[in-house]
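[1] Below is the sequence, then the predicted model.
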Amino acid sequence: MIEHLTQLMVRGGALWVLWLLVALSVVTVAISLERAIAFRRTHGNVASLVPALRKALREQDVSGAAKLLDDSDSLEGRVVAAGLAESEMGYAAVEEAMAAASGLERKRLEKNLLFLGTVGNNAPFIGLLGTVIGVVGAFEELGKPQAMNNAMAAASSLAPERVMGTIAEALVATAVGLVVAIPAVALFNFFQGKVVAALADADTLGHVLLAHLRADPSANTRRGNLREAAE
C-alpha cells in the first residue's frame, strides 16, 4: 500500500500543485477586483445623507426622504428605505424591516469572500503537499539500484548535493503557497472590514429614522388610524 502510494506520488510529481496554486491566485485576483468594484458602487456618503434625511423627516416630507434614499443608490440608502416603507406600522416594524434589509445586503457584500478566506487558510497546506511530494521523489530517486552502482567515492560526494538540490526545488511549492495565501488573507480581512463599515453606516443612518419615529407622536396616531380603518 505505502509503496503503491509512493510510486503514485512520484509519477504524478509536484508540478500539478504549482499549477493549482497559480489557478487559485488568478481566481483570487478576479474575485478581489469584482468585490472592489461592487463595494465602490454600493458605498454612500453617509456624512451628507444624515443631515439631508433628518431635514426631510423634520419637514414631514416622507416622499422627499424616500427619493433622497433612492437617489443615493447605496447600501445605506436601501436599508433605511426598507424601514421608511414600514414607517406607518410603527417603530418595531421599522426596526425589523431594516434588520432584514441589512441581512440581505450583508449576504450580497460577502459574496465570494468565503473563497478568499479558504484560499488564505489552505494555500500553505497545498504548497506543503507539493514539497512533500518533491522530497519523496528525491529520496526515491536516490534509493534506485542504479544510483548505488556508481563508484563509492562519487556517490558519497554527489549524493548530499543531489538531495539538497532536489529538496530546495521542492520547497518552491511551499513558498508559492505562502505567496498565494498571504494576499488572500489580507484581502479577505480588508473586505470584511468594508462590510462591517458599510453596515455600521447603515445603522447610523437608520437611527436617524428611528429617532424621528420615537420623537414623532403622529406616527402612533397614524398607526392607530390604520388599525381603525382595517377594523
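    Structure received.
[2] and the gap between residue 38 and residue 66?
    Distance of residue 38 to residue 66, given as C-beta to C-beta, to the nearest Å: 24 Å. Heads up, the C-betas are built off the backbone N, CA and C, glycines and all.
[3] what's the answer for residue 83, then?
    When distance is defined by C-beta to C-beta, residue 83 is 11 Å away from residue 66.
[4] Counting neighbours, go ahead and name the busier of those two.
    Using other C-beta atoms under 10 Å, the more surrounded residue of residue 83 and residue 66 is residue 83, with 26 against 17.
[5] so the more buried one sits right up against residue 209, yeah?
    Yes. The pair residue 83 and residue 209 passes the contact test of C-beta atoms under 8 Å, sitting 5.5 Å apart.
[6] remind me which residues of this protein are low pLDDT?
    For the chain, applying pLDDT under 70 flags the ranges 1-14, 138-166, 169, 216-231.
[7] what about the helices in it?
    2-12, 15-42, 46-58, 62-72, 75-84, 91-109, 113-142, 145-148, 152-215, 217-230 (DSSP state H).
[8] highest average neighbour count across the ones you listed?
    The highest average neighbour count among the helices of the chain, using mean count of other C-beta atoms under 10 Å, belongs to helix 75-84 at a mean of 25.
[9] so what does that helix touch, helix or strand wise?
    When contacts are defined as 3 or more C-beta pairs under 8 Å, 6 or more residues apart in numbering; DSSP states H and E, helix 75-84 sits against helix 46-58, helix 62-72, helix 91-109, helix 152-215.
[10] Tell me who's in contact with the residue nearest to the spatial centre of the chain.
    Nearest to the geometric centre of the chain sits residue 113, at 2.1 Å (C-alpha atoms, centre = their mean). By C-beta atoms under 8 Å, 6 or more residues apart in numbering, the contact list for residue 113 reads 35, 188, 191-192, 195.
[11] Out of these, which comes closest to residue 58?
    The closest of the contacts of residue 113 to residue 58 turns out to be residue 195 (C-beta to C-beta; 31.3 Å).
[12] thinking again about what came up before, adding distance to residue 17, write the helices and strands packed on helix 75-84 out as CSV.
    Shown next, in CSV, are the helices and strands packed on helix 75-84 (distance: least, C-beta to C-beta, whole Å):
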stretch, distance to residue 17
helix 46-58, 46
helix 62-72, 47
helix 91-109, 32
helix 152-215, 5
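[13] Relative to residue 23, which of these is closest?
    helix 152-215 (9.8 Å).
[14] Quick one: work out the angle between that closest one and helix 75-84.
    40 degrees (axes from the mean of the first three to the mean of the last three C-alpha atoms, to 10 degrees).
[15] In contact with residue 98: list those residues for me.
    79-80, 82-83, 202, 206, 209.
[16] redo that, cut-off 6 Å
    By C-beta atoms under 6 Å, 6 or more residues apart in numbering, the contact set of residue 98 is 79, 82-83, 206.
[17] how about these, which pair is most distant?
    82 and 206 (9.4 Å).
[18] related to what we said a few turns ago, next, show the common contact partners of residue 83 and residue 66.
    By C-beta under 6 Å, 6+ apart, residue 83 and residue 66 have no common neighbours.
[19] coming back round to it: so the residue nearest to the centre of the chain versus residue 134, what's the distance?
    The gap separating residue 113 from residue 134 is 32 Å, by C-beta to C-beta.
[20] Thank you kindly, that will do.
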